[in-house]
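# Provide a 3D model corresponding to the input given below.
(2 chains)
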Number of protein chains: 2
Amino acid sequence: MDISIIGSGHIGAGLARAWRAKGHAVTFGARDPRDAELVALCTSIGATATTVAAAVAPARVVVFAMPYGALDDVLTASGDLAGKVVIDCTNAVERGAGLKYGHTTSSAEELQRRIPTAHVVKSFNAQGAENLAKPIYGDLAASNFYCGDDAAAKQIVRQLVEDVGFDAIDAGPLASARLIEPLMMLWMASSRAVGSRDIAFRVLRR
Amino acid sequence: MDISIIGSGHIGAGLARAWRAKGHAVTFGARDPRDAELVALCTSIGATATTVAAAVAPARVVVFAMPYGALDDVLTASGDLAGKVVIDCTNAVERGAGLKYGHTTSSAEELQRRIPTAHVVKSFNAQGAENLAKPIYGDLAASNFYCGDDAAAKQIVRQLVEDVGFDAIDAGPLASARLIEPLMMLWMASSRAVGSRDIAFRVLRR
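Okay, here's the model as predicted:
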């Protein structure tokens, strides 16, 4: 496959390396195609570099792997993208401000506002109940995330997560419920994809 | 630990079972504590059932495991929750309408609106670039989610996900980017929790 990648940072370069190893042709589209680091990368993996416009024009698959902040410039430089597959690898995260779009609160935060003197901890929302009875998959326990703003309350919940047999992952403050609450729907989507409810999320380590 | 659980459906009952097996005392708070199914459950696992108010009043830990739609009633019945640990297991999902709070769009959907004739597929946004070079953890490949609205484009991206060495998970339409985009921040939170960037998400199966 001929693939054009915009951005040659960690993700762009990492994808290029992996895809070159599979025999795909990779062209980087860059503001400066003669950038020394980019040229060295291209030489090392057998890719080519050109302008964004020249990389995009012939491509069936365009990978947006530049920083999100460069999106406007890249769209302007890209020209017509009609009919192309655009793989969006960007994260619209503003430093210290969380996700830019559509993640402005969570039901756990709304609950905390309604019971301000209680210590709300979000957990156990992100998977089918089957996993409560069988949290172990082969050698691995399913991961179960929890988050909250009160350290003592979180410690209690961590113990309760472990008592179910889960791998407990501290996802941070209660605002992280914005990250955990979508997991139930992702669990359902994954269940459909895999064709089974006997699935669980796990944070793999080496 | 003395734990009060509101709701005795799959999650509430599953948690009660797991915690009873660890020796915790479990009290269910229910609209009807004499409900036959609840009484049978209590007998079988050695838990007790009472009203929501009576279950909440003495509890240090209260688990909200009822359907989200019952939240208003439960809050009314609960009385004062000051100082209590409230574990929120609910999902504010309205049938067919997605998450009720704070997940109204995604940057991928915004991008698609800007390039309506292209086929945007969200992927490769949800983990550190280290995983592109080393996607395998022990016997397991890291999972990499993708979503989009064009079937042919998704098929291409699925192949590219697999060509990196990932376990490819089809998360559905492009609106599922609302579920995938938070994963990068959850990956970072998990990285902090685990103390390593050498981590990856995986959908475990049996």
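
# A:Arg114 and B:Pro67, how far apart?
According to C-beta to C-beta, to the nearest Å, A:Arg114 stands 17 Å off from B:Pro67. In this view, the C-beta of every residue, glycine as well, is placed from N, C-alpha and C.

# for A:Pro135, what are its contacts?
Remark: with contacts taken as C-beta atoms under 8 Å, 6 or more residues apart in numbering or on different chains, A:Pro135 is in contact with A:Ala141, A:Ala142, A:Asn144, A:Val164, A:Gly165, A:Phe166, A:Ala200.

# can you rerun that using 6 Å?
Applying C-beta atoms under 6 Å, 6 or more residues apart in numbering or on different chains, we find A:Pro135 in contact with A:Ala141, A:Ala142, A:Gly165, A:Phe166.

# show the pLDDT at it.
A:Pro135 is assigned 91 on the pLDDT scale.

# grab the nearest non-local neighbour of it.
A:Gly165 (4.0 Å; C-beta to C-beta, 6 or more residues apart in numbering or on different chains).

# then A:His24?
Using C-beta to C-beta, 6+ apart, the closest residue to A:His24 is A:Met1 (4.8 Å).

# and the residue most central in space within chain A, its phi and psi?
Nearest residue to the geometric centre of chain A (C-alpha atoms, centre = their mean): A:Asn91, 7.8 Å. Here is the backbone geometry of A:Asn91 (degrees, to the nearest 10): phi -120, psi 120.

# I figured it hits B:Leu186, correct?
No. When contacts are counted by C-beta atoms under 6 Å, A:Asn91 is not listed as touching B:Leu186 (11.6 Å).

# the spatially closest residue to A:Asp198 that is not a sequence neighbour: how many residues sit nearby?
Nearest residue to A:Asp198 in three dimensions, chain neighbours excluded: B:Arg206, at 5.0 Å (C-beta to C-beta, 6+ apart). Neighbourhood size, B:Arg206 [other C-beta atoms under 10 Å in any protein chain shown]: 10.

# quick check: the gap between B:Arg206 and A:Ala200.
From B:Arg206 to A:Ala200 the distance is 9 Å (C-beta to C-beta).

# need the overlap of contacts for these two.
By C-beta under 6 Å, 6+ apart, no residue touches both B:Arg206 and A:Ala200.

# on the three-state scheme, the residue of chain A most remote from its centre is what?
Residue farthest from the centre of chain A, counting by C-alpha atoms, centre = their mean, is A:Thr117 at 33.5 Å. Under DSSP: H, G, I helix; E, B strand; the rest coil, A:Thr117 falls in the coil class.

# ok, it - contacts?
B:Ala82.

# and A:Ala16, that one's in a strand?
No. Secondary structure of A:Ala16, determined by three-state DSSP: helix, with no strand assignment.

# let me know the pLDDT of the residue lying closest to it once chain neighbours are set aside.
Distance criterion C-beta to C-beta, 6+ apart; nearest residue to A:Ala16, sequence neighbours excluded, is A:Val26 at 4.6 Å. Here the pLDDT value assigned to A:Val26 is 95.

# in the sheet, who's paired with A:Val26?
Bridge pairing for A:Val26 (DSSP bridges) gives the partners A:Ile3.

# what stretches of chain A score poorly on pLDDT?
A:93-103 (pLDDT under 70).

# okay, now the domains of it?
By the assignment in automatic domain parsing, chain A contains the domains A:2-91, A:107-194.

# out of those, which one sits most buried?
Of the domains of chain A, the one with the most neighbours on average (mean count of other C-beta atoms under 10 Å in any protein chain shown) is domain A:107-194, at a mean of 21.

# quick check, distance from it to the centre of its chain.
18 Å (C-alpha atoms, centre = their mean, to the nearest Å).

# and the end-to-end length of it?
28 Å (C-alpha to C-alpha, to the nearest Å).

# do stretch A:125-132 as well
End-to-end distance (C-alpha to C-alpha), stretch A:125-132: 11 Å.

# got a list of contacts for that stretch?
A:142, A:164, A:180, A:183-184, A:187, A:197, A:200, B:10-11, B:14-15, B:18, B:89, B:91.

# out of those, flag the one nearest to B:Gly83.
Closest approach to B:Gly83 among the contacts of stretch A:125-132 (C-beta to C-beta): B:Cys89, at 19.9 Å.

# contact partners for the residue nearest to the centre of chain A?
A:Tyr68, B:Asn125, B:Met184.

# need the nearest residue in space to it, chain neighbours excluded.
Closest to A:Asn91 by C-beta to C-beta, 6+ apart is B:Met184, at 4.7 Å.

# likewise for A:Pro173?
A:Pro173 sits nearest to A:Asp149 (C-beta to C-beta, 6+ apart), 5.3 Å away.

# test my guess that that neighbour contacts A:Gly172.
No. Counting by C-beta under 6 Å, A:Asp149 does not reach A:Gly172; the two are 9.4 Å apart.

# quickly find the element holding the nearest residue to A:Phe166 once chain neighbours are set aside.
Spatially, and ignoring its direct neighbours in sequence, A:Phe166 is nearest to A:Asn144 (3.7 Å; C-beta to C-beta, 6+ apart). Assigned by DSSP states H and E, A:Asn144 belongs to strand A:143-148.

# can you check A:Val120 too?
strand A:119-123.

# right, and the helix or strand after that strand?
Assigned by DSSP H and E, the successor of strand A:119-123 is helix A:130-133.

# in contact with the nearest residue to A:Arg31 once chain neighbours are set aside, which residues?
Leaving aside its chain neighbours, A:Arg31 sits nearest to A:Val52 (7.1 Å; criterion: C-beta to C-beta, 6+ apart). Applying C-beta under 6 Å, 6+ apart, we find A:Val52 in contact with A:Ile6, A:Gly29, A:Ala77, A:Ser78.
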